[in-house]
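Peer 1: predicted model and sequence below, questions to follow.
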Amino acid sequence: MALERPEIDFIEGPPPADLEITDITVGEGDQAGHGSTVSVHYVGVAHSSGEEFDASWNRGEPLRFRLGSGQVISGWDQGVMGMRVGGRRQLVIPPHLAYGDRGAGGVIKPGETLVFVVDLVDVN
């Protein structure tokens with residue numbers, strides 16, 4: 001599967017109050033379920049500015065985590081669930097499902113809504 005790094009368009013208007021999941025490409029491979037170990041490539045930007053704060057593409061390898069186990073923010077656990085390998089989704093994650101009022105490491109400001117484009121590379 002040949003993947004290309006996605007570009008995330010700036011989203012106009014106020015951020016959503018709830019998780020927004022949009023399938024860009026529906027995959028045809030194995031489905032990610034609770035307890036699956038998944039590998040994903042992603043790009044993340046701040047909703048307020050459109051500025052990128054993190055991307056697995058910059059490290060040259062996907063992120064692996066166990067789905068539904070709290071290893072990632074809640075918006076990811078919920079947003080990746082049900083994806084199929086080869087799929088690409090946009091997740092717009094409100095603060096209460098991300099880093100909340102604490103932000104993250106000076107990179108994500110407190111109360112920030114996050115926008116990710118996530119590619120499901122593998123499910124085990």
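Peer 2: Looks like it arrived, so ask away.

Peer 1: per-residue pLDDT, the closest residue to residue 25 other than its chain neighbours?
Peer 2: The shortest distance from residue 25 to any non-neighbouring residue, by Cβ to Cβ, 6 or more residues apart in numbering, is to residue 88 (4.3 Å). C-beta here means a position set from N, CA and C on the backbone, and glycine is covered the same way. What the model reports for residue 88 is a pLDDT of 97.

Peer 1: residue 78 should be in a helix, yeah?
Peer 2: Yes: under DSSP: H, G, I helix; E, B strand; the rest coil, residue 78 sits within a helix.

Peer 1: check contacts around the spatially closest residue to it that is not a sequence neighbour.
Peer 2: In space, and not counting its chain neighbours, residue 78 is closest to residue 19: 5.8 Å by Cβ to Cβ, 6+ apart. For residue 19, the contact set (Cβ atoms under 8 Å, 6 or more residues apart in numbering) comprises 75, 78, 79, 91, 92, 93, 94, 97.

Peer 1: just among those residues, which is most surrounded?
Peer 2: Within these, most neighbours by other Cβ atoms under 10 Å means residue 93, with 27 neighbours.

Peer 1: all set now, cheers.
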